[in-house]
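[1] Based on what follows, work out the 3D shape:
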Amino acid sequence: MVSRLADVTPVIPADQLVAQMVPPSMFDDVSFDSYIPDPAQPSQAAAVKTCREFAETVSARRAPKKGLFGRRPKVVQGTGVYLDGGFGVGKTHLLTSIYHNCPEPKAFGTFVELTHVVGALGFNRAGEELSGHSVLCIDEFELDDPGDTMLVSRLLAELTTAGVSVAATSNTLPEQLGEGRFAAKDFMREIRKMSGIFDSIRVDGPDYRHRNLPPAPDPMTDEELAADAAAVPGATLDDFDELCQHLSTLHPSKYNRLVDGVTRVCLSGVKPLPDQSIALRLVVLADRLYDAGIPVRNSGDTLDAIFTEEMVAGGYRKKYLRATSRLLALSRFDKVGG
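    Just a heads-up that it's a prediction; the model follows:
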């Protein structure tokens with residue numbers, strides 16, 4: 001019998017929420033050396049150099065030091081780097097390379113993941129858990145929710161004071177590639193108390209992830225979908241409505257564990273979502289599926305119909321476009337990881 005995600009209720013101890021903040025497995029082998037700068041985009045080579053120097057600085061700051069007369073050395077405020085650019089130019093590659101080159105303990109997560117950890121642990125506990133880290137890497141720092149942005153800004157202010165360095169990336173839309181510098185200014189304004197420690201780096205280049213994206217594949221019939229799920233060990237088969245209802249009962253910090261060990265996600269009866277709160281939870285699930293490289297199959301409507309035009313035209317446009325792009329990419333995967 002094929003399993004259902006709707007039957008899984010993960011339990012994650014609080015002390016593991018920060019421990020699971022690591023880069024997606026698809027980035028396990030990336031490095032500064034494996035990033036190949038485009039000769040036509042000088043900013044890419046400059047970004048590699050800056051990020052490498054940043055990681056070296058973080059490592060040097062965390063090297064054991066002795067204070068005068070055996071006293072504990074004074075905490076040095078953390079430093080920061082912000083990578084500004086469009087989709088698909090390699091910002092996550094560089095951010096993950098920073099992570100790999102910094103000493104333990106360290107943490108990596110998207111902006112959304114970080115807000116979920118803070119929400120699950122509470123502000124003070126989250127700060128305590130992260131305060132001893134060498135670096136906190138935040139992918140896709142988002143400015144579409146002022147409350148979340150200010151919450152994380154306050155957290156970063158406390159962490160950098162405690163000596164934690166911070167590396168972050170922007171999530172500038174493809175059509176806003178020429179406006180990346182303004183995204184950087186928005187970021188600096190939101191974290192104005194710390195702007196002096198951040199070195200903002202522009203990473204230019206064509207949008208490889210979203211350019212010429214093929215149309216959504218035709219959905220399967222319910223019978224074809226059930227047969228597909230039954231033929232793949234580790235696959236799950238869920239009614240779309242039932243899964244969305246289940247997601248509403250789980251804290252998003254548990255979605256990573258929800259899909260742990262799953263080899264394919266099959267969704268029957270896919271249709272446009274009427275509720276934005278559920279849509280945002282599905283965005284998080286799409287991110288976790290993409291991080292794990294789990295193929296997606298569906299019946300019902302096409303995957304690019306899940307988020308309505310009204311939703312995409314609103315304040316969470318970036319999230320919905322990213323989720324759609326990732327679901328479409330996963331619909332073409334034959335096995336985990338591609």
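
[2] If we go by neighbour counts, what in stretch 158-168 is buried?
    Across stretch 158-168, burial judged by 16 or more other CB atoms under 10 Å covers 159-160, 162-168. Every C-beta, even on glycine, is put in place using the N, C-alpha and C of the backbone.

[3] first to last residue in it, what's the distance?
    16 Å (CA to CA, to the nearest Å).

[4] same deal with stretch 2-13?
    Terminal-residue distance, stretch 2-13 (CA to CA): 28 Å.

[5] can you list the residues that contact it?
    Applying CB atoms under 8 Å, 6 or more residues apart in numbering, the external contacts of stretch 2-13 come out as 20, 226, 229-230, 235-239, 242-243, 245-246, 249-250, 253-254, 257-260, 262, 265-266.

[6] do stretch 19-30 as well
    With CB under 8 Å, 6+ apart, stretch 19-30 has contacts from 12, 92-93, 96-97, 99-100, 107-109, 113-114, 117, 137, 256-257, 290-293, 337.

[7] please redo it, this time with the cut-off set to 10 Å
    With contact meaning CB atoms under 10 Å, 6 or more residues apart in numbering, stretch 19-30 is reached by 12-13, 90, 92-97, 99-100, 105-110, 113-114, 117, 129-130, 133, 136-139, 253, 256-257, 260, 287-288, 290-293, 336-338.

[8] Just the buried residues of the residues you listed.
    Burial by neighbour count, 16+ other CB under 10 Å: within the contacts of stretch 19-30 this picks out 90, 92-97, 99-100, 106-110, 113-114, 117, 129-130, 133, 136-139, 253, 256-257, 287-288, 290-293.

[9] The helix ranked longest in the chain: how far from the chain's middle?
    In the chain, ranked by residue count with DSSP state H as the criterion, the top helix is helix 42-62. Counting by CA atoms, centre = their mean, to the nearest Å, helix 42-62 is centred 21 Å from the centre of its parent chain.

[10] Show me what it is packed against.
    For helix 42-62, the elements it packs on are strand 80-85, helix 91-100, strand 135-141, strand 165-170, strand 198-203, judged by 3 or more CB pairs under 10 Å, 6 or more residues apart in numbering; DSSP states H and E.

[11] Go ahead and confirm residue 231 touches residue 263.
    No: using CB atoms under 10 Å, residue 231 is not in contact with residue 263; the gap is 11.1 Å.

[12] For residue 319, the count of nearby residues, please.
    Number of residues near residue 319 (other CB atoms under 10 Å) recorded here: 26.

[13] so who does it touch?
    112, 140, 142, 144-145, 171, 279-280, 282-284, 286-287, 307, 311-312.

[14] now, which of the residues you listed sits nearest residue 57?
    For the contacts of residue 319, the closest approach to residue 57 (CB to CB) belongs to residue 140, at 23.4 Å.

[15] From residue 319, how far out is that closest one?
    9 Å (CB to CB, to the nearest Å).
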